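Engineer: sequence isn't available, so here's the structure alone:
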């Protein structure tokens with residue numbers, strides 16, 4: 001069964017940067033849609049950004065446009081999330097998730113995504 005693992009979380013000061021990575025236990029991600037989602041304490045999980053399978057099209061939440069960048073490295077079987085100009089409100093557990101249909105990606109409904117990683121904690125604080 002496909003399993004996802006996120007890495008790269010940590011503590012960063014406001015204005016700083018982090019890079020999160022998402023990979024699998026051997027399944028290739030080439031033709032799968034991959035999304036990044038986050039959940040802050042006391043809040044519902046929200047979509048951050050996704051990248052389509054073969055199309056490679058992307059879809060960003062308004063709150064992260066211009067600050068976050070999603071990319072795919074098929075050779076490394078990894079989908080990365082470059083996060084710049086981080087704000088305290090970006091603090092959350094970040095999860096990657098896979099939509100096994102090779103379609104343009106959307107962030108909702110989240111039920112499109114069949115497989116989820118356990119998440120990595122991002123803390124933005126001075």
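Structural biologist: Done, it's in. If you're wondering where the values come from, they're calculated on a predicted model, not measured in any experiment.

Engineer: so who does the residue with the largest distance to the centre of the chain touch?
Structural biologist: Distance to the chain centre peaks in the chain at residue 126, reaching 23.7 Å (criterion: CA atoms, centre = their mean). By CB atoms under 8 Å, 6 or more residues apart in numbering, the contact set of residue 126 is 13-14. (C-beta placed from N, C-alpha, C; glycine too.)

Engineer: kindly state the pLDDT recorded for it?
Structural biologist: On the pLDDT scale, residue 126 is placed at 95.

Engineer: what of residue 99?
Structural biologist: On the pLDDT scale, residue 99 is placed at 94.

Engineer: again, but for residue 90
Structural biologist: For residue 90, pLDDT reads 98.

Engineer: grab the nearest non-local neighbour of it.
Structural biologist: residue 124 (5.1 Å; CB to CB, 6 or more residues apart in numbering).

Engineer: what is the neighbour count of that neighbour?
Structural biologist: Neighbour count of residue 124, defined by other CB atoms under 10 Å: 20.

Engineer: residue contacts, it?
Structural biologist: Per CB under 8 Å, 6+ apart, neighbours of residue 124: 11-14, 16, 86-91.

Engineer: 7 Å instead, please
Structural biologist: Contacts for residue 124 (CB atoms under 7 Å, 6 or more residues apart in numbering) come out as 12, 14, 86-88, 90-91.

Engineer: residue 122 contacts residue 11, correct?
Structural biologist: No - the pair residue 122 / residue 11 is not scored as a contact, 8.4 Å apart, by CB atoms under 7 Å.

Engineer: so which of the two has more stuff around it?
Structural biologist: Applying other CB under 10 Å to residue 122 and residue 11 shows that residue 122 carries more neighbours, namely 22 against 12.

Engineer: distance of the residue nearest to residue 90 from residue 96?
Structural biologist: Taking CB to CB, to the nearest Å as the measure, residue 124 falls 19 Å from residue 96.

Engineer: perfect, I'm done here.
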